[in-house]
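*Asks:* can't give you the sequence, but here's the structure:
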């Protein structure tokens, strides 16, 4: 189902300009399309063109006089572990993972809020406790047959939740949160390494990382996974997306 064919079941809207989380001196504006019944084929086409998904909301920035958000994807077939990534794998030899359809329990909500409270204290994130309705809307609803969650357990305790979409050509990383008491396990890095391992097992070509903004510390980790490709802009479905090699350091 294309966007046009899905139009009678969708709503387009955009937010008013608000302060950018990535470049504090700038304003940002997001374009949204709410689609209740998006297919895996359509989601694949959108992700290939830089769109992101939370729940049934698909979106990308449309900021005035700014084009700093670049989409990144990891070339799965050519990826090799760095020395530091090998150490992360070793630290997590006893970490257990489970893949399933996204769900919501009190454990999910408590862990999500603990992670965001930690980020508010260490990185200046605005913290508002998530409620069940908002969590369901963003991370459970709209998963259909492509959305999954990867649960991470250490000593039978839930310590990380990774939300992903499994598209026709890769894995789209949606959101990851973890228990800050287990920061020594580098679970953020480990979760991406597990995505790459899963993609290789399933014959996928790409890990879609979402946006990268030069100079933004929150996105710096993404460039540790090479080789990468980068997309500039958000081409329409009628145009082929032109991904190019990400510049080497």
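*Replies:* Perfect, I can see it now. Source: prediction; values computed, not measured.
*Asks:* hey, let's count contacts and neighbours off CA atoms from now on
*Replies:* Will do.
*Asks:* low-scoring pLDDT stretches of this structure, where are they?
*Replies:* 1-8, 249 (pLDDT under 70).
*Asks:* As a check, name the ranges of all helices in it.
*Replies:* 40-48, 83-91, 106-122, 132-135, 187-202 (DSSP state H).
*Asks:* Just put these in JSON lines and tack on mean neighbour count and distance to residue 180.
*Replies:* Formatted as JSON lines, these follow (neighbours: other Cα atoms under 10 Å; distance: least, Cα to Cα, whole Å):
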{"stretch": "helix 40-48", "mean neighbour count": "21", "distance to residue 180": "30"}
{"stretch": "helix 83-91", "mean neighbour count": "14", "distance to residue 180": "16"}
{"stretch": "helix 106-122", "mean neighbour count": "16", "distance to residue 180": "6"}
{"stretch": "helix 132-135", "mean neighbour count": "13", "distance to residue 180": "19"}
{"stretch": "helix 187-202", "mean neighbour count": "18", "distance to residue 180": "10"}
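*Asks:* I'd like those helices as JSON lines, with distance to residue 14 appended.
*Replies:* Output for the helices of the chain, formatted as JSON lines (distance: least, Cα to Cα, whole Å):
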{"stretch": "helix 40-48", "distance to residue 14": "17"}
{"stretch": "helix 83-91", "distance to residue 14": "39"}
{"stretch": "helix 106-122", "distance to residue 14": "25"}
{"stretch": "helix 132-135", "distance to residue 14": "19"}
{"stretch": "helix 187-202", "distance to residue 14": "30"}
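*Asks:* what's the closest of these to residue 243?
*Replies:* helix 40-48 (9.0 Å; Cα to Cα).
*Asks:* and of the helices of the chain, who's closest to residue 23?
*Replies:* helix 106-122 (17.4 Å).
*Asks:* Next up, the contacts around residue 20.
*Replies:* Contacts for residue 20 were tallied using Cα atoms under 8 Å, 6 or more residues apart in numbering; they are 26-28.
*Asks:* Quick one: which of those is the most crowded by neighbours?
*Replies:* With neighbours set by other Cα atoms under 10 Å, the maximum within the contacts of residue 20 is found at residue 28, which has 20 neighbours.
*Asks:* Run through the residues that contact the most centrally placed residue in the chain.
*Replies:* Using Cα atoms, centre = their mean, the residue of the chain that lies closest to the mean C-alpha position is residue 174, 2.5 Å off. By Cα under 8 Å, 6+ apart, the contact set of residue 174 is 52-54, 162-165, 209-210.
*Asks:* re the thing from before, which of the contacts of residue 20 fall in strands?
*Replies:* 27-28 (DSSP state E).
*Asks:* wait, which of the contacts of residue 20 is closest to residue 231?
*Replies:* residue 28 (18.9 Å).
*Asks:* any idea how far residue 148 is from the closest one?
*Replies:* Separation of residue 28 from residue 148 (Cα to Cα, to the nearest Å) stands at 29 Å.
*Asks:* just residue 214 next, same as before
*Replies:* 29 Å.
*Asks:* Which of those two has more residues huddled nearby?
*Replies:* The residue with more neighbours, out of residue 214 and residue 148, is residue 148; 22 against 12, by other Cα under 10 Å.
*Asks:* That one touches residue 167, doesn't it?
*Replies:* No: the pair residue 148 / residue 167 is not scored as a contact, 10.8 Å apart, by Cα atoms under 8 Å.
*Asks:* Can you work out which residues contact both of these two?
*Replies:* Common neighbours of residue 148 and residue 167 (Cα under 8 Å, 6+ apart) do not exist.
*Asks:* show me the contacts for residue 115.
*Replies:* Shown in contact with residue 115 (Cα under 8 Å, 6+ apart): 177-180.
*Asks:* Could you dump those into a markdown table and include neighbour count?
*Replies:* As requested, the contacts of residue 115 are exported to a markdown table (neighbours: other Cα atoms under 10 Å):
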| residue | neighbour count |
| --- | --- |
| 177 | 20 |
| 178 | 24 |
| 179 | 20 |
| 180 | 19 |
